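Enquirer: make a model of this:
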Amino acid sequence: MRVPVEPRHAYRLLNHGPVALVSSAAEGTTNLMPAAWVMPVDFDPPLVAAVLEEGTLTRELVDASGELTLSLPPASMLDAVYGAGKVDGREVDKWRRFGFEPEPAAKIAAPLVKGCLGWLECKVVERSLAGHMDLLVLKVVAAWAEDEVFRDGEWHFTDPERRTVHHVAAGRFFLTGEARVAREGGSPRAGPARATRRGAKAPAPAGSERRRGGSPPYIV
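Expert: Next up, the predicted model:
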């Protein structure tokens, strides 16, 4: 079941670097594209950075509307995700070609992608690096997660087909793997950290979730 995630905690959906499906809509046209370069940059306000290449239909629609959604696909969608990144949305209806199903977002016009594991609804708040770096800064206005795999602010993956995916290059992906909890005061020769028990919470590092000017945010 899709459940809400507080926008200030939305970085927990992205901190491990999953591929996101970027959905956009403007003037009656919708499109989606996979993006590997998406990352959180702050949690209060909740900000995300995304690289969207100039000249693509997605960038054109985002520039026109000032908003987009990010949907985090599971491994079961891997072939469709890769395929959607190989064709131009001006020439192909990617929703129909690859079987993606749109569903309404709560606060913006761009749709969410049904069947994903996490969703973020975002508005563009900074474009100063878009011209020469294709980088946009987005504010998260709503976020959601599938409670089957995301509970109490943490991912809990068991089914290999229901894991997020990470693109390396040329169609090669990794699936999100085993979670481990670091030992406080450990050393390089202390042996591997223990695997996280299902449902167990990792201890929060000192200084976690401090605001800008303090320590960088960590997963809690």
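
Enquirer: residues of the lengthiest helix in the chain that come out buried?
Expert: Counting residues, the longest helix found in the chain (DSSP state H) is helix 57-65. The neighbour-count check on helix 57-65 (16 or more other Cβ atoms under 10 Å) flags 57-63, 65 as buried. All C-beta atoms are positioned from the backbone trio N, CA, C, and that covers glycine.

Enquirer: same question, stretch 41-51
Expert: 42-43, 46-51.

Enquirer: so which of those are in strands?
Expert: Applying DSSP state E to these, the entries found in strands are 42-43, 46-51.

Enquirer: so where's the protein uncertain?
Expert: 189-220 (pLDDT under 70).

Enquirer: all helices of it, in order?
Expert: Using DSSP H, the helices of the chain run over 11-14, 57-65, 78-84, 94-98, 130-133.

Enquirer: mind checking which of those helices is nearest residue 178?
Expert: helix 11-14 (17.5 Å; Cβ to Cβ).

Enquirer: show me what that closest one is packed up against.
Expert: For helix 11-14, the elements it packs on are strand 38-43, strand 46-51, strand 67-72, strand 118-126, judged by 3 or more Cβ pairs under 8 Å, 6 or more residues apart in numbering; DSSP states H and E.

Enquirer: could you redo the last one with a cut-off of 6 Å?
Expert: strand 38-43 (3 or more Cβ pairs under 6 Å, 6 or more residues apart in numbering; DSSP states H and E).

Enquirer: now do the strand it packs on: everything it contacts.
Expert: The contact list for strand 38-43 (Cβ atoms under 6 Å, 6 or more residues apart in numbering) reads 8, 11, 14, 20, 47-50, 217.

Enquirer: wait, which of those residues is closest to residue 173?
Expert: The closest of the contacts of strand 38-43, once distances to residue 173 are taken by Cβ to Cβ, is residue 20, at 13.3 Å.
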